[in-house]
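Colleague: coordinates for the following, if possible.
(chains A and B)
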Amino acid sequence: MSTPATDIATYNFAYLDEQTKRMIRRAILKGIAIPGYQVPFASREMPMPYGWGTGGVQVTAAIIGPDDVLKVIDQGADDTTNAVSIRAFFQKVADVAVTTETAKATIIQTRHRIPEHPLTEGQTLVYQVPIPEPLRFLEPRETETRKMHALEEYGLMHVKLYEDIARHGRIATTYAYPVKVEGRYVMDPSPTPKFDNPKMHMSPALQLFGAGREKRIYAVPPFTKVVSLDFEDHPFEIQAFDQPCALCGAEQVYLDEVILDDKGGHMFVCSDTDHCETRQACGHRGHLSPDILEPAQ
Amino acid sequence: MEQMDVIDGGFAAPVFDAQTVFRAVMDAMARPGTVQHVAVLAQPPAPLAATAGAVALTLCDHDSPLWLDAALQVSAARSWLGFHTGAPLAATPADAHFALVANPASLISLENFAQGTQEYPDRSTTLILQVESLTDGAPLHLEGPGIETSATIAPTPLPRHFVEQWKQNGARFPRGTDVILAAPGAVACLPRTTRIKTMEA
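Modeller: I've put the predicted structure just below:
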């Protein structure tokens, strides 16, 4: 006998119970009030494993309402496993509208990218964060890193960047590139490519960060100074690509390398799938676009 | 009769009302100086007003000790908050996660409240000040994170010497208190990062 769908266990709106939401909401407000500071919170078990974005999911669940329009991206793409499953999760437990268009979303949950389309006031970007502590790989003890933040003692991070220069001749950190927020806290921007760091600076959107396994929430309010750490003689630089997107011809965007065959063939395409599709819909074409390779009859 | 005052007046739709109020508070905290609309969703007994009551229902529960000012201590609002939120009363202002203030003009100074520690600056009191208006007081020109260039609000009434107290609060950063201004139908926030510009030369 099959059970009618109405008989399945029903959840509270957005999955979390109200007491959990209040606890997360209090942490979010503290995070906003102390930009870049990691607020401890009582992270819950979610119906997905740690490492799949449980922190971001809990933050989204605590803020989302029936009028929101949700977009979820995974490395810039709307159609990869993590994005699809989290989007489906919120459709099921919160019955919210979803979109892939950056401009139409009110909440964008992201794993490791900031959309290419400029964000606007009224949008909230929710990051999934694996390791929120930027000093963790330099100092494993939480008691010590907490003291370092308390004393604003970030010399170790500059030593790390300096050692990069000594070894490689340049700062070799390319993702999770440390930033200083409003001149006070050094913060991990989550493993976004450093290409996206400048977008965090004075962004009109609110940025919230959730780390589920590590039980930390932090935030960057809109119009807040976010400066990537560097040296006077080795200024911060973002990645540059020597060719445009092979599908839409976009330049000055972050590209993914796609392997085409086992003979070394490869192409570079936009990491932000929505941006790429929008450009193609507007008639932009790259050199490997199907229209160019096989012109319409 | 008094009993009914205590039991009635909570959120009609607890899940969605709390979400609506939280988003208004979150937006206000993220954009200090902006005034966020809040509908009348709770009817607490006097002297607690609807907006401050709704903010308390949204944020307070058994995990967050609540401090009440003298006007609220002796009122039915105290039992109403106890019934609807389950929040314990803080023995001293320094133990409070939230302070609910019906009469800001006679508030004790901000430094009495929990300021957090240098390691855990989040362990501080958030003050919910019940104000009559966000536009009729002396204008406060604000700057800081969340404000693109500048913002102005004019809340009234405010605690005595508020501008000077707020300056001292900012000097304690990252420690310090945050303020939620609950006016009729609206909220505005002053996180500890917000600076009040003094205009006179």
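
Colleague: confirm that residue A:61 sits in a helix.
Modeller: Yes - per DSSP: H, G, I helix; E, B strand; the rest coil, residue A:61 lies within a helix segment.

Colleague: can you tell me the closest non-neighbouring residue to residue A:147?
Modeller: residue B:119 (6.6 Å; Cβ to Cβ, 6 or more residues apart in numbering or on different chains). Quick note: C-beta positions are derived from backbone N, CA and C, even for glycine.

Colleague: and the one you found, how many residues sit next to it?
Modeller: Look at residue B:119: counted by other Cβ atoms under 10 Å in any protein chain shown, it has 14 neighbours.

Colleague: quick one, what contacts it?
Modeller: A:146-147, A:149-150 (Cβ atoms under 8 Å, 6 or more residues apart in numbering or on different chains).

Colleague: quick check, central residue of chain B?
Modeller: The structure's chain B has its C-alpha centroid closest to residue B:128; by Cα atoms, centre = their mean the separation is 1.5 Å.

Colleague: contact partners of the helix or strand harbouring that one?
Modeller: Secondary structure assignment for residue B:128, by DSSP states H and E: strand B:126-130. Residues outside strand B:126-130 that contact it (Cβ under 8 Å, 6+ apart): A:29-30, B:47-49, B:51-52, B:55-56, B:59, B:97-104, B:107, B:110, B:113, B:155, B:158-159, B:177-182.

Colleague: now, which of those residues lie within strands?
Modeller: Of these, the ones assigned to strands by DSSP state E are B:98-101, B:178-182.

Colleague: so how far is the strand holding residue B:128 off the chain centroid?
Modeller: Between the centre of strand B:126-130 and the centre of its chain there are 2 Å (Cα atoms, centre = their mean, to the nearest Å).

Colleague: ok, now stretch B:68-88?
Modeller: That offset, for stretch B:68-88, works out to 15 Å (Cα atoms, centre = their mean).

Colleague: averaged pLDDT, it. What do you get?
Modeller: Mean pLDDT, computed over stretch B:68-88, is 95.

Colleague: is the residue nearest to the centre of chain B in a bridge, and if so with what?
Modeller: residue B:100, residue B:180 (DSSP bridges).

Colleague: okay, it: pLDDT?
Modeller: Residue B:128 is given a pLDDT of 98.

Colleague: quick revisit: for residue B:128, see how far away the residue nearest to residue A:147 is.
Modeller: Distance from residue B:119 to residue B:128, counting by Cβ to Cβ, to the nearest Å: 26 Å.

Colleague: which stretches of the chain have low pLDDT?
Modeller: Just going to use chain A. Applying pLDDT under 70 to chain A flags residues A:1-10, A:295-297.

Colleague: you answered for a different chain; I wanted chain B.
Modeller: B:1-4, B:199-201.

Colleague: returning to that earlier point: how about the contacts of residue B:119 in JSON lines, adding distance to residue B:195, secondary structure and neighbour count?
Modeller: Compiled in JSON lines, the contacts of residue B:119 are given as follows (distance: Cβ to Cβ, whole Å; DSSP: H, G, I helix; E, B strand; the rest coil; neighbours: other Cβ atoms under 10 Å in any protein chain shown):
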{"residue": "A:146", "distance to residue B:195": "26", "secondary structure": "helix", "neighbour count": "19"}
{"residue": "A:147", "distance to residue B:195": "27", "secondary structure": "helix", "neighbour count": "14"}
{"residue": "A:149", "distance to residue B:195": "22", "secondary structure": "helix", "neighbour count": "24"}
{"residue": "A:150", "distance to residue B:195": "22", "secondary structure": "helix", "neighbour count": "16"}
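
Colleague: out of these, which one sits closest to chain B?
Modeller: Nearest to chain B among those: residue A:150, at 4.0 Å, using Cβ to the nearest Cβ.

Colleague: circling back to that earlier point, next, the angle from the strand holding residue B:128 to strand B:178-183.
Modeller: For strand B:126-130 against strand B:178-183, the angle by axes from the mean of the first three to the mean of the last three Cα atoms, to 10 degrees is 20 degrees.
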